[in-house]
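Student: predicted model and sequence below, questions to follow.
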Amino acid sequence: MMTGIAMTSGAVVMSFTASEWMSPLNVTAVAIGAFAGWIITPDLDVQGRTYEEKRFYNWHPLIGFLWQAYWYVYAKFMKHRGVSHWPFVGTLTRWGYMFIPLVMMAVGLNLMPSLNWEWVGMTFLVWAAQDIVHGTLDVLYSSIKRTF
């Protein structure tokens, strides 16, 4: 949760301090990347209910169940703190797991709009930055935990 708050705050500050970031499209990309990083974290590789999945259960038990069921296969194949926690690679695995089915449906239904790749890249980078902070905090927390 702290990772999400820190990255979202940083993204908002960046979007309002640099004039080239002021466009609504860029601010939207940053916000979506920050939100994605907040709910689609590296810890979705944990088998069992994660903090993020509990958040969905709090919204509604059916939504929580469906979210946990959707990520079950991902958790089954990804070792906790393995590839899913690697900078950029882990983000890319969750990005693919989340969006490839949606893109396939959109293409099948002929709903695929032309993508703004700059926007997609910016969204991905904000999400990846959040994952890097998450991984860093995992390492720090583990080392502090071992020390005491």
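Tutor: Structure's in. What do you need?

Student: okay, which residue is most central for the protein?
Tutor: When C-alpha atoms, centre = their mean is applied to the chain, the residue found nearest the centroid is Gly37 (2.8 Å).

Student: what's the per-residue pLDDT of that residue here?
Tutor: The per-residue pLDDT reported for Gly37 equals 87.

Student: could you do Lys145 as well?
Tutor: 82.

Student: from Tyr70, how far off is it?
Tutor: Taking C-beta to C-beta, to the nearest Å as the measure, Lys145 falls 30 Å from Tyr70. C-beta here means a position set from N, CA and C on the backbone, and glycine is covered the same way.

Student: for the longest helix seen in the chain, buried residues please.
Tutor: The residue-count maximum for a helix in the chain (DSSP state H) belongs to helix 117-147. For helix 117-147, a neighbour-count test (16 or more other C-beta atoms under 10 Å) marks 119, 122-124, 126-135 as buried.

Student: picking that back up, so which strand or helix has the residue nearest to the centre of the chain?
Tutor: According to DSSP states H and E, Gly37 maps onto helix 24-39.

Student: helix or strand next in line after that helix, which one?
Tutor: Following helix 24-39 in sequence order, the next helix or strand is helix 51-59 (DSSP H and E).
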